[in-house]
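1. How does the following fold in three dimensions:
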Amino acid sequence: MLKEVAADIYKIALPMDYNMGYVNSYLIKEDEGYAIFDTGENREEVREIWRNIIADGYNITKIYVTHMHPDHIGLIGWFKETYDTEVVAAEIGYEFLLEERKRFINGVYQNDDMVTLIKCYGGPEIESFASSYYKYDTYQFEPTQLFKDNDILKVGQYAFKAIWTPGHSPDHFCFYDEASKIIITGDHILPHINPIVVPKDKRKNKLKIYLDAVDKLTDLEAELGLPGHEGIIEGLNERIAEMKKRYNKRFRQIVESVQQKSKTPYEISEELYKNNTPTSIMQTFTYIVYLEALGYVSITEKDGIYQVNGEIVTDT
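-> Predicted structure coming up:
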């Protein structure tokens, strides 16, 4: 179940709901137990896995948070209540946590932003977006320690530099140990897919924010990446180069799609993705906003619906 991926670092793949695969947690040996990076989802199946690990002698004393998404923080409250575990999170992550708590109405997570955005993109009408993926009790915990960008966190034999890497989540951090050239990448860099980067408002260039954060890692020369999903990454810069090739492919597809005819983001998304979900629609618009900033397309609005044009168009 546990796999040693580096000296005193063990990986556990924890199942996710809705057949979405696995989320990785990393245990790092310390003097009086083990610290972990991320906990997995708020599910009984995952709790039972942790109970068995702890019963096998892995005393979990501290949790470090890569970002405040429910598949990564789902059991922090349970750990604190059951095992009195310390929780170490970013200051900006705690601010994000408090904002996310406000989205719950009568214990149900509401995201009306998505409803509005999907409509603007030319997508189908959605009366409301209430997601069971976001569980109320997942967000009801308080960190015991906060860190900032560039802080050094001593975890066992490692000295991880906290590196703010927004994009996938505004509070996302990677953690780099210079001596071993190991980096915990969370969901910022994944082995085989590019992470989801979606807008929280209509025109913010989230992909530029993300890619700027990716470029922050290229000078590190990290040799081993420990991501939040899938297997480990051997050679971080090589993986980043692969990711950028995939982005460039998507960019070409979008530019070519609107050369002859203006289209809505929803129509473009249908061309890019076989399964056109709300997330894929929003991801498509993230690409479009990035391309507009570079001058490859323009975005105009008609009757509250965005249109993507192959030639630069000035609104009048």
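2. Spatially, what comes nearest to residue 230 if we skip its sequence neighbours?
-> Taking CB to CB, 6 or more residues apart in numbering as the measure, residue 230 lies nearest to residue 191, with 4.5 Å between them; neighbours along the chain are not counted. Where you see a C-beta, it was placed from the backbone N, CA and C, and this is true even at glycine.
3. Determine the three-state secondary structure at residue 141.
-> For residue 141, the reduced secondary structure class is coil; criterion used: DSSP: H, G, I helix; E, B strand; the rest coil.
4. one step back: just checking, the residue nearest to residue 230 touches residue 233?
-> Yes. The pair residue 191 / residue 233 is scored as a contact, 5.2 Å apart, by CB atoms under 8 Å.
5. Need the residues touching each of these two.
-> With contacts taken as CB atoms under 8 Å, 6 or more residues apart in numbering, the residues that reach both residue 191 and residue 233 are 225, 227, 239.
6. show me what contacts the first one?
-> Read it as residue 225. With CB under 8 Å, 6+ apart as the criterion, the residues that contact residue 225 are 182, 183, 184, 185, 189, 191, 232, 233, 234, 236, 239.
7. Remind me which helix or strand it belongs to.
-> Assigning secondary structure by DSSP states H and E places residue 225 in strand 224-227.
8. and the residue nearest to residue 230, what pLDDT?
-> The pLDDT attached to residue 191 in the predicted structure is 96.
9. Over to it. Which of the three states is it?
-> coil.
10. count of residues packed around it?
-> A count of nearby residues for residue 191, using other CB atoms under 10 Å, gives 15.
11. Could you check how far it is from residue 51?
-> Look at residue 191 and residue 51: by CB to CB, to the nearest Å, they are 29 Å apart.
12. Can you name the next helix or strand after the host helix or strand of residue 82?
-> Residue 82 is part of helix 76-83 when elements are defined by DSSP H and E. Proceeding N to C from helix 76-83, the next assigned helix or strand is strand 86-90, under DSSP H and E.
13. And that next one, how far out from the chain middle?
-> Relative to the chain's own centre, strand 86-90 is displaced by 18 Å; criterion: CA atoms, centre = their mean, to the nearest Å.
14. Direction-wise, compare that strand with helix 76-83 and give the angle.
-> Relative orientation of strand 86-90 versus helix 76-83 (axes from the mean of the first three to the mean of the last three CA atoms, to 10 degrees): 160 degrees.
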